[in-house]
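[1] fold the following, please.
(2 chains)
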Amino acid sequence: MSVATSTPIKGSVQRRLVLQLIFVALILTVLFVLAVRLVGERIAQSAQDSALFAAAASIASSMHSDNGELQLDLPHSAFAMLEAISEDSIFYRVSVGSRTVTGDDELSVITPASPLAERAYATEEFRGEPVRILTVPRALDVEGVFTNVSITLAHTRQGFHSTVSQIQSIATGVGIGFFIVSVALCLLASQSALKPLKSLVNAIERRGPEDLRPVNREVPSEVAPLITALNSFIVRLSGSLDKAEEFIAEAAHRIRTPMALVQTNAEIALRFAETSKSRGKIREIIVAARESSRSASQLLDHATVAFRAENPQLAPISLSELIERSISRFFPIAEMKGITLTVSPTKSNVIVAVDSLLMQSAIGNVLDNAIKYSESDTTVDISYGVLNDYGFINISDQGPGFSDGDIKHATELFFRGKKTESTEGTGLGLKIVSDALNVHNGRLEITKNGERGSCVSLQLPLHS
Amino acid sequence: MRFLLIEDNKGLSQAITERLELDGHIVDGVSDVSSANTMQNLTSYDLILLDLTLPDGDGREVLRHLRNINDLTPIIVITASREISERVKTLDLGADDFLVKPFDFAELEARVRAVLRRKRGDARNQIEIGNVSFDQLDGTLTIDGEPVTLRTQELRLFEALVDAPDRVHSKEHLMDRLFSFGDEGSSNAIEVYIGRLRRKLEHSNLKIETVRGRGYRILCP
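    Here you go, the predicted structure:
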């Protein structure tokens, strides 16, 4: 029995979680790259500025006045630091007031923002190239007169830009790496956050159709209300199922004595019937009474199996003992119909752990079917043994058998094979068998028994 | 055979009695535990049919009482319950078999036969008729000491004819016998079975005679 359900789906918790986390990771990555770039620029700038200042200071210290003349020996070492940073061009200008003492007089002198400041920086274009300019004002005593000397240095910015772009590409690389790792972590985190939910879904899906035990799993507190609601639903559902089963059992029970009365009286009436018409009618009554009795029995068996399946009493038992208990009742009926029942073991002492009463119901129903559909002077054989770690009980008959199409549906509720349409029956028998086997993690296999008849194989895991 | 029937449903009790009497049995019917015990003390029965739900107690009381006083009269329990656990409990108390309501009389007969066969031990209960010896419980037939195998339908037909030798059994009556055993054959089928039975009885001094328009009867020498 399959129930097709299509649950309306709106959004996905996991997708939403992942998208939100990725969005946050993206913002963090961009901020990181920008911050590193900013800091890198500052550091590179300050390195260039320091080198400029050191050069200017070195020039300043070499200045002196000699006979009222400003003397300046440009020390070569003054530019060593700047040259060490990069291969950028260096320009200089030493000026007194607006007069250039030495150097490039096109170079603009930067006026410090405050008269007391000992240096002033600016970034400008000089001869078509961006340069960093530093002006260091110095007061020099020339012949007792304090003269304001400005030392101005300019340094092109190729080195600065290459440093900054290096830092930026490293920052971008690190940023991309960080982003990828973050995305991976987001996926993992969202999966692990939803894992309890998924394992819960699996656990519920794995359940057999008759399994109505409450869900008893450790779940995170967020999922607990769902479990509580589900369990209370299960309790209500199994309550109504129990009621339905009790009702069936009670109804089947109540109907028996009146049916016995109908059947017995019909049999008596058959003895006294005088016309073939009344005979025919009475026979129909008897067949109908038999049929309703059998249906009542099977409904009751089905209810019993469903009831016991909830709490099976498993105990080890040998297949031979189980078969002995199940079939002893059938010998008189088989004999009555002229059917020989044989038991053929292929291995002795095969032990299975089963609820003996459930399995007796199952075996009884298969035998009941086999005897019912077989003709007289045929044999129903019960063989047992071990195959692939399963203990098997094979019940083979020489009845009409199942067609290939029937075999697939044989365990469905109320299904009846095409070849059995002429005989009364409910189609409950094999459903009972397959339910009883499910309880024991067993298997039911129905095959053709050679040319004629069928073989119903009940397979149970071996008791270890 | 003499039956004690313990069943509290008046209608059913009457019907079962009537049906068994049709087959020539004697039936004493009671409807409660105390009269069952009284009857059992007065007479000995070949078989007891016992319903489990009785107005003044559980039918198992009768079962327990009889087995306690070592009375081994065969008991077949008739019940409306089909629970296997019930069945196991009742068999443990000493019932010989179990019959779930409603039941075919053919099944009752089959079970009675099986129980009696188990219980009788070595005591044989053969019908000797001419040079034929017939064991109803085993369903075996010998002619001059030579065993003859009869198929189920042949066996039931033979049984019906031998039950009342010299009497004419109508085809319909014979068909009803087979019908109870799950055979829904036509009246032609009866002719086929009679034919087979005749061949198997060839060497006996029994003869199945066709009484035109009326049926068949078995003639003894």
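[2] for A:Phe126, give the beta-bridge partners.
    Note on A:Phe126: beta-bridge partners by DSSP bridges are A:Glu129.
[3] what about it, neighbour count?
    Number of residues near A:Phe126 (other Cβ atoms under 10 Å in any protein chain shown) recorded here: 18. Glycine gets a C-beta too; all of them are placed from N, C-alpha and C.
[4] now A:Ser58: how far from chain B?
    Distance from A:Ser58 to chain B, counting by Cβ to the nearest Cβ, to the nearest Å: 111 Å.
[5] phi and psi next, for that residue.
    Here is the backbone geometry of A:Ser58 (degrees, to the nearest 10): phi -70, psi -40.
[6] could you report the pLDDT at it?
    At A:Ser58, the pLDDT value in this model is 87.
[7] go ahead and confirm it touches A:His76.
    No: the criterion here is Cβ atoms under 8 Å, and A:Ser58 misses it with A:His76 at 9.9 Å.
[8] who touches both of the two?
    Common contact partners of A:Ser58 and A:His76 (Cβ atoms under 8 Å, 6 or more residues apart in numbering or on different chains): none.
[9] the two: who's more crowded?
    The residue with more neighbours, out of A:Ser58 and A:His76, is A:Ser58; 18 against 9, by other Cβ under 10 Å.
[10] packing partners for the helix-or-strand element of chain B with minimal mean pLDDT?
    Confidence across the helices and strands of chain B bottoms out at helix B:171-180, with a mean of 76, counting by mean pLDDT, DSSP states H and E. Applying 3 or more Cβ pairs under 8 Å, 6 or more residues apart in numbering or on different chains; DSSP states H and E, we find helix B:171-180 packed against helix A:224-272, helix A:276-309, helix B:152-163, helix B:187-200, strand B:215-219.
[11] give me the contacts around stretch A:206-218.
    So stretch A:206-218 is contacted by A:1, A:199-200, A:203-204, A:227, A:230-231, A:234-235, A:237-238, A:241, A:306, A:309-310, A:435, A:438-439 (Cβ under 8 Å, 6+ apart).
[12] kindly recompute the last result at 10 Å.
    Applying Cβ atoms under 10 Å, 6 or more residues apart in numbering or on different chains, the contact partners of stretch A:206-218 are A:1-3, A:196, A:199-200, A:203-204, A:223-224, A:226-228, A:230-235, A:237-239, A:241-242, A:305-306, A:309-311, A:435, A:438-439, A:441.
[13] and it, how far out from the chain middle?
    In this view, stretch A:206-218 has its centroid 18 Å away from the chain centroid, taken as Cα atoms, centre = their mean, to the nearest Å.
[14] tell me where chain B has helices.
    Along chain B, the segments classed as helices by DSSP state H run B:10-22, B:33-42, B:59-68, B:84-92, B:105-119, B:152-163, B:171-180, B:187-200.
[15] and the longest one, what's its mean pLDDT?
    The average of the pLDDT scores along helix B:105-119 is 86.
[16] pull out the buried residues from that helix.
    Neighbour-count burial for helix B:105-119, with 16 or more other Cβ atoms under 10 Å in any protein chain shown as criterion, is recorded at B:105-117.
[17] just the shortest one next, same as before
    For helix B:84-92, a neighbour-count test (16+ other Cβ under 10 Å) marks B:84, B:86-87, B:90-91 as buried.
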